[in-house]
Structures are given as structure tokens and as C-alpha cells.
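Student: sequence first, predicted model second:
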Amino acid sequence: MKHSITGKITVIMLSLVAGTVLLCWFINTTLLEPYYVEHKQQKLLDTYEMVNNASISGEMGTEEFAIRLEKECANSNITRMIIGSDSTIIDSNVGDDETLLLQFLELIFRKNKSAEILKSADRYVVEKMSDKRLKTEYLVLYGNLADGNSLLMRTALESIKESVEIANQFLAYVGVTAVILCAVIIYAVTRRITNPILQLAEISSRMTNLDFDAKFQSRGKNEIDILGEHMNQLSETLEQTISELKSANNELKIDIERKTEIDEMRKEFISNVSHELKTPIALIQGYAEGLQACVNDDADSREFYCDVIMDEADKMNQLVKNLLTLNQLESGSEQVVFERFDLMEVISGVVNATAILREQSGIALKVHGIGPQYVWADEFKTEQVLTNYISNAIHYALGEKRIEIFVRPNAETVRVEVFNTGNPIPEEELEHIWDKFYKVDKARTREYGGNGIGLSIVKAIMDSFHRECGVENAENGVKFWFELDCKSH
């Protein structure tokens, strides 16, 4: 195959091996010699520091220090000479002291023009010099010790260039041999890996033609064998998948029908909104035209017309606000802030806020519950739920015109019930009262300005709390209820 994995892996691995050999050759050629010189220079500096510290501490003349110094110089191939302030040679490890001293003096007085300064400090200088006669290079350190004596040291630089050439030549032999061996081994290994892949490719080709009899013969438990087993499982389940696709088509038809239903709900929603807005708009338009035409000139009539217009406009405004609130709750964009608060205080606040409406309708209200009752919820939204329940109870209270609020604490929740005397809700309509724009008694709802959205808002708020709410017919009235968490977990 033109683009086989075997060929690609072989080329990549051979490139890595050859690249590694070339990199080693480059490092040997460019960096080995400077590293060797730096290493030798550091040995001279370490020996100088050892001798200088001994001169400070007074160990210079001891036998123990002499042995240590001799060992250090022998290991690092360093020739040394210590010269006193009176120019006498105090210590040396060479036989021909005079010749070495003359060479050092040539360096000190700069008579050897070929010398190269590598490092210079206050007390010492390190130079690289060449001996033309012996064709040898040396590193030389000369400097002053703390006791006033002078220290001269020299170490030979072996022919590192020759060593590099030998190392590179040996590396070339090893590299060529390694590349050849790697080529053979890599090719054999990759063929062993790619043969099962070729078998899988053939099986997949047969499966594209719906031939499910092709099976992979597993030889072990490596990744390719696992893939082969999965291919076998795929072959076995493909027929079942085709059957499931037919089922999915049926579900798709159901989804299309559901979409049609949602579309119908959308149309019904638009119709309901239009119906709710039609009457107030017509009234506003009619009374505004009456004012414009000066149908009645007296001030009382004009004031009545203006009151009707303002009242209908307020109903339209309330409808729009409720729709916006409901949309935010249902879409999840309304932020719910859970906090711990006293439920009895919220109930007391709503009861006081609705006192005027109750007095106007002659309705008695009683709260059954002892406080405080702490719950976890959104306090503002909880107040909305209570206001909606109590407002509905006020508008629909008949007979004894009595409202009772029950607060019933349980182990993990607190249940609030709002009961009002009056006509029960027909059983077939109980499940629909939470729907938008649904009205049990349309005439009475219109009378007090309701629009059939309040209970939908209550349901959306309780859903955002992940708690339950509901309604029940009682013996002589209706009871709405909801539950809140009273524990923090």
C-alpha cells in the first residue's frame, strides 16, 4: 500500500535513530572540547582555594595537608610550585624546578605572546598557553596566597580534538549499524502490528455491504484485539440497530405531532392574549373618542371617562407584567435566591397588605399557626405565591365569606394552606386551573380584573423551588396549598 502504516512507522523510527546519532556527533564536535577545558580550569581553581585556605588556617606545613595536596595534584595531573616572598621554592612536585619557574616567569611578565587569559581575579590569573617545542597546550594558574607566598600551577590539555575525532568515528560505525538493525526490527514489528489492522479494514469493508458474517480472530488482549472484539459486537448489533432506527422514525413522527400540538398551543396563546387585550383596548378607544367628541361636557362625566380609561390601561399593564414574569420563570432566566426567613412574618405582611380588600368585601381571615417557622426559599417569590392565593380567596369567597390560613410544619417541609368558603371547583377543571389564561368562572374573573395568569405564575415559582403546590375542594369551599423546605439540606 502506498500510504501504509508500516512504511510510515519505519521511516519515523529510522529518522529518530539517525537524528539521535547526528545530534550526538554534533554535540561531541562542538561542545566536548570547551567542556573539557572548563573542567580542567575548575580543577585548578579548586586546588588554589584548597591551598589558600590552608595558608589562612596554618595547615600548610602539616603532613596531612601535604598528602591531601599531593593526592589532588596527582589525580588532576597538576604541576605545582609554591614560592616564598624571598623567591625561594617552598614546595614543588617536579624535578626540574628551575625550568618550570622560568616558564611561569615568562607568563607573569607577558613574554609568552601566545598565552590567552581565561579568567582574572584579584589574587590569581588563569591562562591558556602553548608550548611550541612540544606542541602541547597547558592551563596555567598563578597567584598570591593569603600568607604572602605565591602559587604557580600547570596542567596539560590533552589532545581533545583527536579524542573527538576518534569518538565521532566510533559513533559513525555504531550509528550505521544501529540504523540497519533498527530498520529490520522496526519493519518486522510494524508488520506484526499492521496485519491485524488490515484484517479489520477488510471486515469493515464487508460490513459496509451489510455482510455481517465477517468476524475478527483475536490472538490476545492488546488494543487491536479489543478493537476487533468491538467490531464483532458491532456486527452482531447492527441488525438490531436497524430495527431501532425504525422505532426512532416512529418517535420522530410523534415528535412532529408534538411540534404541531405546540404550534397549536402557541396559536391558542396568541388568541388568548388578543382576547384579553381586545376588551380593554376597545373600552379605552371608545371612551377616548367620547372625550374627544365632547359627548358629555360636565366634569363628572369626563372624570368617569378618564377613570375607565385608566382602569382598563392598568389591567392591560398588569397583564403584560404577569406575562413577562411568567415567561422569565418558565425560561429559567429569573434568578432564584434561596435564603432562610420566618414564614410567619411573610404571611403576616401579606395579610396586612390585603386588609383593605377584605374589609371592603366583609371577609373574615384567621391564621392557624405558631411562630416563628423558618424556611429556605426565595422570600419575594414566596410572598408572590401567598398574595396570589389570598387575593383569589378574597375574590371567590362566598357564603360565610371566611378565609383561613393553616401553617403545618413537618419533618423536612412546612405546608401552607389557604382556604376560602365558596363554590367548589368542578373536578374536571382542577387540573387545568394552572394553565395560562384558564378561568373557571370567566364572568367573575372579568369582574375583579383577573386574567387567568396568577396561578400559572404560582406553579412556575414552585417549580423553580422544586417543591409541590396544589388545590383541593373542601366541604364548603376550596383549599390551595404549597410546601417549602425547612431544612438546609
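Tutor: Sure, I can see it.

Student: first-to-last residue distance for stretch 135-154?
Tutor: Between the opening and closing residues of stretch 135-154 there is a gap of 15 Å (CA to CA, to the nearest Å).

Student: lowest-confidence helix or strand of this protein?
Tutor: helix 442-448 (a mean of 48; mean pLDDT, DSSP states H and E).

Student: CA-only coordinates of stretch 380-389 in CSV, if you can.
Tutor: Below are the C-alpha coordinates for stretch 380-389, written out as CSV (Å, rounded to 0.1, in the frame of the first residue of the first chain):
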residue,chain,number,x,y,z
PHE,A,380,-40.0,37.7,47.5
LYS,A,381,-41.4,34.9,45.3
THR,A,382,-42.9,33.2,48.3
GLU,A,383,-44.7,36.5,49.1
GLN,A,384,-46.0,36.5,45.4
VAL,A,385,-47.5,33.0,45.9
LEU,A,386,-49.2,33.9,49.2
THR,A,387,-50.5,37.2,47.7
ASN,A,388,-52.0,35.3,44.7
TYR,A,389,-53.6,32.7,46.9
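
Student: now do that stretch: everything it contacts.
Tutor: 336, 343, 346-347, 349-350, 353-354, 375, 416, 418, 454-455, 457-458, 461-462, 464-465, 469, 480, 482, 484 (CB atoms under 8 Å, 6 or more residues apart in numbering). Bear in mind the C-beta positions are built from the backbone N, C-alpha and C, glycine included.

Student: and for stretch 40-55?
Tutor: Residues contacting stretch 40-55 (CB under 8 Å, 6+ apart): 60, 65, 68-69, 72-73, 76, 78, 80, 82, 118-119, 123-124, 126, 139, 141, 143, 145-147, 149, 151, 153, 155, 157.

Student: for PyMOL, what selects the buried ones among those?
Tutor: To isolate the buried members of those in PyMOL, using 16 or more other CB atoms under 10 Å:
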select buried, resi 60+65+69+72+73+76+78+80+82+118+124+126+139+141+143+145+149+151+153+155+157
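
Student: which of the contacts of stretch 40-55 fall within helices?
Tutor: F65, R68, L69, E72, C73, S76 (DSSP state H).

Student: can you pull out the helices in the stretch 101-250 of the chain?
Tutor: For the stretch 101-250 of the chain, applying DSSP state H, counting those that start in this stretch gives helices covering 160-208, 223-292.

Student: so how far is the shortest one off the chain centroid?
Tutor: The chain centroid and the centroid of helix 160-208 are separated by 41 Å under CA atoms, centre = their mean, to the nearest Å.

Student: let me have the ones in helices among the contacts of stretch 40-55 in CSV, extended by pLDDT.
Tutor: Below are these laid out as CSV (pLDDT from 0 to 100):
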residue, pLDDT
F65, 90
R68, 91
L69, 90
E72, 90
C73, 89
S76, 85
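
Student: could those residues go into a markdown table alongside distance to F406?
Tutor: Output for those, formatted as a markdown table (distance: CB to CB, whole Å):
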| residue | distance to F406 |
| --- | --- |
| F65 | 102 |
| R68 | 100 |
| L69 | 103 |
| E72 | 99 |
| C73 | 104 |
| S76 | 100 |
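
Student: just these now: which is nearest L181?
Tutor: S76 (39.9 Å; CB to CB).

Student: is it true that the closest one touches T155?
Tutor: Yes: using CB atoms under 8 Å, S76 makes contact with T155 at a distance of 6.4 Å.

Student: which of the contacts of stretch 380-389 count as buried?
Tutor: Among those, the ones that count as buried (16+ other CB under 10 Å) are 343, 346-347, 350, 354, 375, 416, 418, 454-455, 457-458, 461-462, 464-465, 469, 480, 482, 484.

Student: so which of the helices of the stretch 101-250 of the chain gets nearest A474?
Tutor: helix 223-292 (29.5 Å).

Student: mean confidence for the closest one?
Tutor: The pLDDT scores in helix 223-292 average 71.

Student: ok, back up a step: from the buried ones among the contacts of stretch 380-389, which ones fall inside helices?
Tutor: L343, V346, I347, V350, G454, L455, I457, V458, I461, M462, S464, F465.

Student: export the residues you listed to CSV and tack on pLDDT and distance to K8?
Tutor: Shown next, in CSV, are those (pLDDT from 0 to 100; distance: CB to CB, whole Å):
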residue, pLDDT, distance to K8
L343, 92, 72
V346, 92, 73
I347, 92, 77
V350, 90, 76
G454, 80, 71
L455, 87, 69
I457, 84, 66
V458, 88, 67
I461, 87, 63
M462, 88, 63
S464, 86, 58
F465, 86, 60
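
Student: partners of the residue nearest to L484 when sequence neighbours are not counted in the sheet?
Tutor: Nearest-residue entry for L484: V375, 4.2 Å, with adjacent residues in sequence omitted and distances by CB to CB, 6 or more residues apart in numbering. Beta-bridge partners recorded for V375 (DSSP bridges): F341.

Student: neighbours of L245, how many?
Tutor: L245: 9 surrounding residues under other CB atoms under 10 Å.

Student: E303 too?
Tutor: Other residues close to E303 by other CB under 10 Å number 10.

Student: now do the strand or helix carrying it, average pLDDT.
Tutor: If you go by DSSP states H and E, E303 is part of helix 299-331. Mean per-residue pLDDT for helix 299-331: 68.

Student: report how many residues lie close to M81.
Tutor: 20.

Student: quick check: it vs S92, distance?
Tutor: 5 Å (CB to CB, to the nearest Å).

Student: next: Y36.
Tutor: 26 Å.

Student: now stretch 116-130: mean pLDDT?
Tutor: Rounded mean pLDDT across stretch 116-130 is 86.

Student: try stretch 174-182
Tutor: The model assigns stretch 174-182 a mean pLDDT of 83.

Student: so which bits of that stretch are buried?
Tutor: G175, A178, C182.

Student: turn the helices of the stretch 101-250 of the chain into TSV, columns for distance to L32.
Tutor: Formatted as TSV, the helices of the stretch 101-250 of the chain follow (distance: least, CB to CB, whole Å):
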stretch	distance to L32
helix 160-208	5
helix 223-292	43
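
Student: circling back to that earlier point, which one of the ones in helices among the buried ones among the contacts of stretch 380-389 is nearest R408?
Tutor: Nearest member of these to R408, counting by CB to CB, is L343, at 11.2 Å.

Student: you'd agree that closest one is up against Y374?
Tutor: Yes: using CB under 8 Å, L343 is in contact with Y374, at 7.2 Å.

Student: ends of stretch 115-129, how far apart?
Tutor: For stretch 115-129, the end-to-end distance is 4 Å (CA to CA).
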